[in-house]
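In: Got a sequence here, can you build the structure:
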Amino acid sequence: MDQFAKQWSLDQDPINAAIVLIVAVGLDDVMVGLRMLGREPSAAVLIPILSMAVETSLAVVLVRNLLRSMRRVVIARTLLTR
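Out: Numbering: from 1, shown residues only. I've put the predicted structure just below:
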């Protein structure tokens, strides 16, 4: 594998991980929503919905931190090549 292909692969891995995480959490949200469809409002419905909200918000925080760290790597790489 040449240097360009190796560098491109390393740069794309975090983006691919973020996309997979977003898709997985989104599908999980859809599954929970379908399972809760048509149920009466109660604690048995509230707990999965709260769990889904926490999971989604933590996934957003994780992806945001991942993108920030990627940005820092690009800035550091630019400064080192000067």
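In: List the buried residues for whichever helix in the chain runs longest?
Out: Criterion DSSP state H: the longest helix present in the chain is helix 43-80. The neighbour-count check on helix 43-80 (16 or more other Cβ atoms under 10 Å) flags 52, 59, 63 as buried. From N, CA and C alone the C-beta is placed, and that goes for glycine too.
In: Quick check: mean pLDDT of it?
Out: The pLDDT scores in helix 43-80 average 89.
In: now the buried residues of helix 43-80 as CSV including distance to residue 20?
Out: Below are those laid out as CSV (distance: Cβ to Cβ, whole Å):
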residue, distance to residue 20
52, 18
59, 11
63, 11
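In: Name the nearest of these relative to residue 13.
Out: Checking the buried residues of helix 43-80 against residue 13 with Cβ to Cβ, the nearest one is residue 63 at 13.9 Å.
In: show me what contacts that closest one?
Out: Applying Cβ atoms under 8 Å, 6 or more residues apart in numbering to residue 63 gives the contacts 18, 21-22.
In: from these, which ones fall inside helices?
Out: Per DSSP H, the contacts of residue 63 map to helices at 18, 21-22.
In: which one in these is the model shakiest on?
Out: Comparing the ones in helices among the contacts of residue 63 by pLDDT, residue 18 comes last, at 85.
In: Apart from its neighbours in sequence, what residue is nearest it?
Out: Spatial nearest neighbour of residue 18, excluding adjacent residues (Cβ to Cβ, 6 or more residues apart in numbering): residue 63 at 4.7 Å.
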